[in-house]
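Engineer: sequence plus the predicted model coming up.
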Amino acid sequence: MEELDDKLAKRIAFLGMEESGKSTFLSVLQKKFGSLYNLKPTTGAQRNSLNILGYKFQIWDYGGQKIYRDEYIKKSHKFLTDNDIIYYFVDVQGDNIDESFEYFQQLMKVSEIKSIDTSRVFILIHKMDPDKRELPEIQQRAEEIKNKFGSLKNVTFFETSIYDYWSIINSFSQGLKQITVIKDLFKKLLKEFARATFSSSIILLEENLLILEKHSSNEENLQIAQSALKQFLNSWVEDSIKDDSSKRITDVIDFWTDIELENGKAYFQKFSFKDDTYFITCYSKNPKTEMLILKKLPELGYRVFEITKGYFS
Ligand SMILES: Nc1nc2c(ncn2[C@@H]2O[C@H](COP(=O)(O)OP(=O)(O)OP(=O)(O)O)[C@@H](O)[C@H]2O)c(=O)[nH]1
Ligand SMILES: [Mg+2]
């Protein structure tokens, strides 16, 4: 079983300068909130794993101090092979942008990384903290990062902060989407579920709270569902940090939550099939939706489970 898992393991790289926030981001993904603020600088390249839909993903956290950076470039065949996805971190509050860009350019030149499709390279403009991101100097630095890094390759940017939980899972889910197949089955499933429950938009998440798929009648309704989900998640993260940081966030999350919106209601529901746990957010203007979701969920659980069995083939 272990051998099979290893074959399926997908490799994701976290690269960037020292102190750009890579290891902290990883701890948030792994829900290790207890050790969030006392991480030491990473020595060399460290392997971590994350289970997603029952499959093991490897996340390589490449310590960013100069001695290590030089080593990865020099011995790229040893350090940089087999990565499927690259997350490159730029600290919007502290990094020397020119130096970071130079490192990024060097990385993109080595053959092991050059061969990776641009759709699999993500730049995280990190430490865009909610209380700082509107400041003119931060905005200006974010713009500078986009101009510099965007000039080299047609990469995707995300603005992230550990103080905005949504920004972490959203950016990571986008990357994941690049290495997963059978997307269409989830799409179809959600479309049917939306029809059956009169939902205007739906977001499906797996047990790490990573987004599997979204469905919506239009962009505006999707935005409403997303901002409701963002509210749910951010409040739970706050609670779980305050409360007892050793507790898994998925245990802190209520089984069923809803919020009244100006026009309609948003629901958040945890559901399971066998040992697998999933979450769903629905936004609807129809009062029947609440009852219909509860009625239809067992079947949805079964079908999501069924799809995930062949998910990473
Ligand atoms: N304000 C703010 N600080 C952050 C954020 N993410 C990480 N940090 C802080 O940035 C510092 C460095 O974080 P690390 O995660 O250790 O950085 P790193 O990129 O792993 O560093 P190396 O291992 O040396 O490459 C720590 O003090 C973190 O608390 C963020 O989103 N906002
Ligand atoms: Mg580190």
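Structural biologist: Arrived safely, thanks for sending. Ligands and ions are numbered 1, 2, ... in the order given.

Engineer: in the stretch 101-250 of the chain, where is pLDDT below threshold?
Structural biologist: 178-184, 239-250 (pLDDT under 70).

Engineer: for ligand 2, give me its nearest residue in it.
Structural biologist: Here the residue of the stretch 101-250 of the chain nearest ligand 2 is residue 126; by C-beta to the ion that distance is 12.3 Å. Quick note: C-beta positions are derived from backbone N, CA and C, even for glycine.

Engineer: partners of that residue in the sheet?
Structural biologist: In this structure, residue 126 bridges to residue 91, residue 160 when assessed by DSSP bridges.

Engineer: mind listing what the nearest residue to residue 156 once chain neighbours are set aside touches?
Structural biologist: Leaving aside its sequence neighbours, residue 156 sits nearest to residue 122 (C-beta to C-beta, 6 or more residues apart in numbering; 5.3 Å). Residue 122 makes contact with 85, 86, 87, 88, 155, 156, 157, 158, 171, 174, 175, according to C-beta atoms under 8 Å, 6 or more residues apart in numbering.

Engineer: try it again with 10 Å
Structural biologist: Applying C-beta atoms under 10 Å, 6 or more residues apart in numbering to residue 122 gives the contacts 12, 85-89, 155-158, 160, 171-172, 174-175, 178.

Engineer: narrow the residues you listed to those that are buried.
Structural biologist: Buried by 16 or more other C-beta atoms under 10 Å: 12, 85-89, 155-158, 160, 171-172, 175, out of the contacts of residue 122.

Engineer: show me the contacts of residue 122 that map onto helices.
Structural biologist: Secondary structure defined by DSSP state H assigns 171, 172, 174, 175, 178 of those to helices.

Engineer: sorry, back to before: for the contacts of residue 122, which one is nearest residue 59?
Structural biologist: Residue 59 lies nearest to residue 12 out of the contacts of residue 122, by C-beta to C-beta, at 4.9 Å.

Engineer: does the longest helix seen in the chain come close to ligand 1?
Structural biologist: The helix spanning the most residues in the chain, taking DSSP H as the definition, is helix 219-243. No. Using C-beta under 6 Å from any ligand atom, helix 219-243 stays clear of ligand 1, coming no nearer than 12.9 Å.

Engineer: from the chain's centroid, how far away is that helix?
Structural biologist: Computed by C-alpha atoms, centre = their mean, to the nearest Å, the separation of helix 219-243 from the middle of its chain amounts to 14 Å.

Engineer: okay, buried residues for it please.
Structural biologist: Neighbour-count burial for helix 219-243, counted by 16+ other C-beta under 10 Å, picks out 221-222, 224-226, 228-230, 232-234, 236-237, 240-241.

Engineer: for stretch 36-49, same thing?
Structural biologist: If you call a residue buried by 16+ other C-beta under 10 Å, then stretch 36-49 has these buried ones: 42, 45, 48.
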